[in-house]
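A.B. asks: Can you look at this prediction? I've put the sequence above it.
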Amino acid sequence: MDFLGPHLLMCGREVNLMIEKRILCHERVRKIAGSFAFIEHRFLRDGFLVTLGHHELLLYVFLVLAADRHGVSFYSYDRICSLLGLSVEEYIEARNQLIDKDLIAFDGTLFQVLSLPEKPPSNKKALLKTSGDMERSDPATVHCILAKAFGERP
């Protein structure tokens with residue numbers, strides 16, 4: 001038996017509320033058969049989960065499920081977008097954020113889900129200060145650049 005021990009303070013006394021974990025459905029206990037994917041418990045416990053946006057989490061879990069024992073996988077961006085229901089722009093943003101957060105590596109063809117870094121990244125967004133920052137991260141600036149490149153009016 002496994003016990004979880006949340007503590008509660010009642011009338012000045014600490015009371016240990018023991019929650020007994022038990023198998024609920026014996027005929028459906030998970031077994032490792034064939035390939036196997038896992039996410040370290042530290043992903044939840046140490047706060048990595050809360051640093052990811054919806055699309056980042058969706059892509060990360062997909063890459064974990066698609067990976068071999070070394071975390072390596074190949075799926076083309078169009079297949080990933082189709083399977084996950086993401087636009088190409090959403091995919092690119094999620095992929096780049098996972099790279100920036102040091103959770104995956106990508107060489108243009110292969111993905112590798114990396115071992116978790118020591119600490120999750122800070123959730124603070126960097127302020128955009130330079131024109132280069134704007135060109136990389138400001139949607140309005142990127143839109144204007146692309147419109148001008150295609151001869152359109154922004």
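C.D. replies: Great, that's in hand.

A.B. asks: can you pull the buried residues of stretch 91-103?
C.D. replies: Tyr91, Glu93, Ala94, Arg95, Gln97, Leu98, Lys101, Leu103 (16 or more other CB atoms under 10 Å). For glycine as for every other residue, the C-beta is placed from the backbone atoms N, C-alpha and C.

A.B. asks: Would you agree the third one is in contact with Phe62?
C.D. replies: No: the pair Ala94 and Phe62 fails to qualify as a contact (CB atoms under 8 Å) at a distance of 9.8 Å.

A.B. asks: rewinding a little: out of the buried residues of stretch 91-103, which are inside helices?
C.D. replies: In this view, the buried residues of stretch 91-103 that belong to helices under DSSP state H are Tyr91, Glu93, Ala94, Arg95, Gln97, Leu98.

A.B. asks: out of those, who's nearest Leu57?
C.D. replies: Ranked by distance to Leu57 (CB to CB), those are led by Ala94 at 8.5 Å.

A.B. asks: Which pLDDT value goes with that closest one?
C.D. replies: Note on Ala94: pLDDT of 96.

A.B. asks: His41 versus that one, what's the distance?
C.D. replies: With distances taken as CB to CB, to the nearest Å, Ala94 is found 23 Å from His41.

A.B. asks: Tell me how the chain divides into domains.
C.D. replies: For the chain, the domain assignment from automatic domain parsing gives the residue ranges 42-113, 126-154.

A.B. asks: for this protein, which spans come out with low pLDDT?
C.D. replies: 1-16, 123-126, 154 (pLDDT under 70).

A.B. asks: show me where it has strands.
C.D. replies: 2-4, 7-10, 13-16, 19-21, 72-73, 104-106, 111-113 (DSSP state E).

A.B. asks: contacting residues for the residue nearest to Leu98 when sequence neighbours are not counted?
C.D. replies: Leaving aside its sequence neighbours, Leu98 sits nearest to Ile104 (CB to CB, 6 or more residues apart in numbering; 4.5 Å). By CB atoms under 8 Å, 6 or more residues apart in numbering, the contact list for Ile104 reads Tyr60, Leu63, Arg95, Leu98, Phe111, Gln112, Val113, Leu114.
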